[in-house]
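Undergrad: Let's see this in three dimensions:
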Amino acid sequence: MSWKDTEAQTQTMVTKTFELAGAFGPVPGIYREPTEASGRLVLLGHGGTANKEAEYIQLMARVLNERGIATVVIDAPGHGERLDSSIAPGPDTFEKMWHGGGGQKAALSDWRMTLDFIEAEYGPRATGWWGLSMGTMIGLPVSATDQRIQVAQLGLMGTWGPNGESLRELAPEMTCPIRFLVQWDDEIVPRDACLELFGLIGSRRKTLHANPGLHSQVPLFEMRESAAYLDKQLG
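TA: Residues are numbered from 1 along each chain as shown. As a prediction, this is how the structure comes out:
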């Protein structure tokens, strides 16, 4: 478990890369923090077939950085630098990537190890989760089972997909504040499944935000407002 010899710094943010020896193989990640010391941290979960350097993940890191919040993101199992190059493009590509990388079991192990590593380096901090689509497939189980997660931005996912049953079972165990996003015309994840998952979430402090548009057409203002929500809840 170590930092790589790559570090970048702007006037407002320091970016560092690392690689951890995970139970399911190497776990590469990126840690970003404001140049001013940060007392808060958000874990960023990218979507299916994307990776830790996705444009919207970098956007969220910058927006959270503007609010004095550090972020960390890793390549999900079977994604990014962990991609199995033998998987051919097709309608079942995502499921092959997910299961081939170890699925939910690997994701839970990876994120527990990542947060342990960051806390060992910088100390425990108020910590939240931000992740849509596959970022919710991973983020809901992480938030439900790790008491260090104090607030979560989730959405674009329902009781559907490779770990839909697990999401259904874990949702009632969630107690932290939740902001949940739905795209009303989502062509990938059925809207009813998203609404069902929101209804199953056990937290009494949860809000639903719905917008017209397809799965990938999340309005920019929702991204910024999700950062404001995490900022407020993390204090």
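Undergrad: Could I get the CA-only coordinates of the least confident helix or strand in the chain by mean pLDDT as PDB?
TA: Using mean pLDDT, DSSP states H and E, strand 2-9 stands out as the lowest-scoring helix or strand of the chain, at a mean of 81. The C-alpha trace of strand 2-9 is given here as PDB (Å, rounded to 0.1, in the frame of the first residue of the first chain):
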ATOM      1  CA  SER A   2       1.800   3.100  -1.100                       C
ATOM      2  CA  TRP A   3       1.700   6.500  -2.900                       C
ATOM      3  CA  LYS A   4       3.000   6.600  -6.400                       C
ATOM      4  CA  ASP A   5       5.700   9.100  -7.400                       C
ATOM      5  CA  THR A   6       3.200  11.300  -9.200                       C
ATOM      6  CA  GLU A   7       1.800  14.500  -7.600                       C
ATOM      7  CA  ALA A   8       0.200  17.500  -9.100                       C
ATOM      8  CA  GLN A   9      -0.600  20.800  -7.500                       C
END
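Undergrad: who does it pair up with?
TA: Sheet pairing for strand 2-9, assigned by DSSP bridges, gives strand 13-22 (antiparallel).
Undergrad: Could I get the buried residue list for the very next helix or strand once past the partner strand?
TA: Later in the chain than strand 13-22, the nearest helix or strand by DSSP states H and E is strand 25-34. Neighbour counts over strand 25-34 (16 or more other C-beta atoms under 10 Å) mark 27-34 as buried. Heads up, the C-betas are built off the backbone N, CA and C, glycines and all.
Undergrad: List the contacts of stretch 181-201.
TA: 132-133, 140, 153-161, 164, 167-168, 171-172, 174, 178, 180, 206, 208-215, 217-218, 222, 226 (C-beta atoms under 8 Å, 6 or more residues apart in numbering).
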